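Asks: give me coordinates for this.
(2 chains)
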Amino acid sequence: MEETRGKKETMRLEIESLSCNEAFARVAVAAFMARMDPTVEEVDDVKTAVSEAVTNCVIHAYGGGEGKIWIQAEVEGSLLTVQVRDSGVGISDVKKAMEPLYTGKPEAGRSGMGFSFMEAFMDEVQVDSVPGEGTVVTMKKKLGQ
Amino acid sequence: MKHAIYEVVDDRLVVHLPGEVDDHSSGRIQEETEKYLQGGGIRYMIFDFTNTSFMDSSGIGVLLGRYKRMKQLGGNVAVFGEDNRIKRILNISGIYQIMESLTK
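Replies: As a prediction, the model looks like this:
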């Protein structure tokens, strides 16, 4: 893919907050990043991270109710950036939410490993949230490391 | 395979997991295994990943929940048939520290 190297390419997706869209979102981002000629492992890493971020929107941001989730993926050279955004309840204490094993829903059989998985599988994870307005999760991964 | 398939062999409940274990598919695994446990006589729960190519932390939540439940009942949980992708997930989440793998 010599001709696309270095150029910035972007994909945007808007989906309903439904659990069946978790699989759709991760497969869509995986298909978009195929142009980067990633390894199977890199694709798996990104799919897991996207799944975690979208699941957080469905379960926590919108609490199983209605809402929209916006996903943006960007390729620039060997750097992949994925942004998952919602307009849900927001997170009042981002630091606490990102602690391993912390879950806002301990009664529901949740592992509390969502953000830990995003951090394990991506190089960089940034969470910006405003309570009552929503959350933006920005994840970066350099391929071919 | 979209949903788990259950098989009882003596005192073991084998859960043949679906192709993708995420938030969408994992909720009902919790409920359905619970029905088998309420029937009594199950001492071991074995999660079979032979057909599974994707799992995220929602799946880990179910494994941990079922592990706690089986321990309450004096039983145990094991995993089987994991490929390298699933092995990475089980490793990172520390599942191998509490569950035995029957995969040779």
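
Asks: return the residues in contact with the residue nearest in space to the middle of chain B.
Replies: Residue closest to the average C-alpha location in chain B (Cα atoms, centre = their mean): B:Phe47, at 3.4 Å. With contact taken as Cβ atoms under 8 Å, 6 or more residues apart in numbering or on different chains, B:Phe47 is in contact with B:15, B:17, B:63, B:66, B:77-80. Glycine gets a C-beta too; all of them are placed from N, C-alpha and C.

Asks: is chain B within reach of the helix or strand of chain A with the lowest mean pLDDT?
Replies: Least confident helix or strand of chain A, by mean pLDDT, DSSP states H and E, is helix A:94-97 with a mean of 94. No. Residues of helix A:94-97 contacting chain B under Cβ under 8 Å from any Cβ of the partner chain: none, with a closest distance of 13.5 Å.

Asks: can I get the next helix or strand after that helix as CSV, trimmed to CA atoms?
Replies: Following helix A:94-97 in sequence order, the next helix or strand is helix A:114-121 (DSSP states H and E). Extracted in CSV, the C-alpha atoms of helix A:114-121 (Å, rounded to 0.1, in the frame of the first residue of the first chain):
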residue,chain,number,x,y,z
GLY,A,114,-12.5,-2.8,30.4
PHE,A,115,-10.1,0.1,30.6
SER,A,116,-7.3,-2.2,31.6
PHE,A,117,-7.9,-4.2,28.4
MET,A,118,-7.9,-1.0,26.3
GLU,A,119,-4.6,0.0,27.9
ALA,A,120,-3.1,-3.5,27.5
PHE,A,121,-3.9,-3.7,23.8
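
Asks: chain center to helix A:114-121: distance?
Replies: 10 Å (Cα atoms, centre = their mean, to the nearest Å).

Asks: run through who's touching it.
Replies: Contacts of helix A:114-121 (Cβ under 8 Å, 6+ apart): A:45-46, A:48-49, A:52-53, A:55-56, A:97-98, A:100-101, A:125, A:127, A:137, A:139, A:141, B:56-57, B:92-93.

Asks: on that earlier part again, just the buried residues of the least confident helix or strand of chain A, please?
Replies: A:Ala97 (16 or more other Cβ atoms under 10 Å in any protein chain shown).

Asks: who's in contact with it?
Replies: By Cβ under 8 Å, 6+ apart, helix A:94-97 touches A:91, A:102, A:104, A:115, A:127-129.

Asks: can I get these in TSV with distance to A:Asp37, pLDDT and neighbour count?
Replies: Converted to TSV, the contacts of helix A:94-97 look like this (distance: Cβ to Cβ, whole Å; pLDDT from 0 to 100; neighbours: other Cβ atoms under 10 Å in any protein chain shown):
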residue	distance to A:Asp37	pLDDT	neighbour count
A:Ile91	35	95	21
A:Tyr102	37	89	17
A:Gly104	38	84	15
A:Phe115	29	96	22
A:Val127	29	98	18
A:Asp128	31	98	13
A:Ser129	34	97	20
